[in-house]
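Trainee: Let's see this in three dimensions:
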Amino acid sequence: MFQRQLLRQSRAISESLTAVPRVRLSPFSSASFVSPRPATPLYQSTRLGRRWQSTESEKQSGEQAASSGETKPAEAKEDPVQQELEKCKKEVLDFKDKYLRSVADYRNLQERTKREMESARQFALQRFATDLLDSIDNLDRALSSVPQSALGNAATTESTGAAEPNKDLVNLVSGLKMTEEILLNTLKKHGLERYDPMEGGGRKFDPNTDEATFFTKVEGKEDGEVFFTQSKGYKLNGRILRAAKVGVVKNS
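Mentor: As a prediction, this is how the structure comes out:
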């Protein structure tokens, strides 16, 4: 019973508080006045205040976003990172171009060095062969100075009644011929070859391979033909080492 009475008294007190208007005391007078009750509930006013604050914050955030959007392109144009990136790209292209040029120059140098080494190898014998040509010419002149009649065989000596050939001379000439053949074969292995314009009955004068020492009239031959070989020519790996000295026909 006691608890029920307490509950009833507390309810009555709460109802009286809500029904009676709140009284404020003025600090300047002893009179009391009743403050009017607000027309709108407290929770609605707080909600409105919060809503007003939220809209203001939304406006401020929108303005900040717009201002940041306007300043982004300007910042992007003056971005130091982008400028540094562009600079690095240009340097990379420059280095790549220099690298390709260096590789091309190196390959050209390799090809040029290879050609020079091959040329030096092919013509290393040129100076020695040039000095040796005079000795070969003298050997050839010595063989051509011996007449064929002095080297005739027994049949020719019996038919012509000539004296028997000197065996020592025959042996000497045969030895010189063998020496000349061995020497020419050895030089041929190193690219040195001898040619005679009168081989095969003669040919036309070729200024690229022949050197005309004199001109004369020769019956039965046309102008510009070679009729005499004063000294034979030599080639080293296809290049003229010494032109053949010849006599050329000139009837006109």
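
Trainee: Please make it C-alpha for all contacts and neighbour counts, starting now.
Mentor: Will do.

Trainee: Doesn't residue 240 belong to a strand?
Mentor: Yes: Residue 240: assigned to a strand according to DSSP: H, G, I helix; E, B strand; the rest coil.

Trainee: okay, now the nearest residue in space to it that is not next to it in sequence: neighbour count?
Mentor: Sequence neighbours aside, residue 234 is the residue nearest to residue 240 in space, at 6.3 Å (criterion: C-alpha to C-alpha, 6 or more residues apart in numbering). In terms of burial, residue 234 registers 22 neighbours under the definition other C-alpha atoms under 10 Å.

Trainee: same question, residue 104
Mentor: For residue 104, which is what you asked about, the neighbour count (other C-alpha under 10 Å) is 12.

Trainee: What of the one 4 residues further on?
Mentor: Residue neighbour count, defined by other C-alpha under 10 Å, stands at 12 for residue 108.

Trainee: Next, residue 229: secondary structure please.
Mentor: strand.

Trainee: who's in contact with the helix or strand where residue 248 lies?
Mentor: In the assignment (DSSP states H and E), residue 248 maps to strand 244-249. When contacts are defined by C-alpha atoms under 8 Å, 6 or more residues apart in numbering, strand 244-249 is touched by residues 195-197, 205, 209-218, 221-234.

Trainee: where do the helices sit along the stretch 101-250 of the chain?
Mentor: Counting by DSSP state H, counting those that start in this stretch, the stretch 101-250 of the chain forms helices over residues 126-145, 154-160, 167-189, given from the N-terminal end onward.

Trainee: so which of those comes closest to residue 242?
Mentor: helix 126-145 (8.1 Å; C-alpha to C-alpha).

Trainee: Which secondary structure elements does that closest one sit against?
Mentor: Secondary-structure packing of helix 126-145 (3 or more C-alpha pairs under 8 Å, 6 or more residues apart in numbering; DSSP states H and E): helix 167-189.

Trainee: Could you list every helix and strand that the helix it packs on packs against?
Mentor: helix 126-145, strand 192-195.

Trainee: Provide the angle between the direction of that helix and the direction of helix 126-145.
Mentor: Taking axes from the mean of the first three to the mean of the last three C-alpha atoms, to 10 degrees, helix 167-189 and helix 126-145 form an angle of 150 degrees between their directions.

Trainee: hmm, who's touching helix 167-189?
Mentor: Counting by C-alpha under 8 Å, 6+ apart, the neighbours of helix 167-189 from elsewhere in the structure are 136, 139, 140, 143, 151, 192, 193, 194.

Trainee: Would you format those as JSON lines with distance to residue 108 included?
Mentor: Formatted as JSON lines, the entries for the contacts of helix 167-189 read as follows, by distance: C-alpha to C-alpha, whole Å:
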{"residue": "136", "distance to residue 108": "41"}
{"residue": "139", "distance to residue 108": "46"}
{"residue": "140", "distance to residue 108": "46"}
{"residue": "143", "distance to residue 108": "51"}
{"residue": "151", "distance to residue 108": "61"}
{"residue": "192", "distance to residue 108": "31"}
{"residue": "193", "distance to residue 108": "33"}
{"residue": "194", "distance to residue 108": "36"}
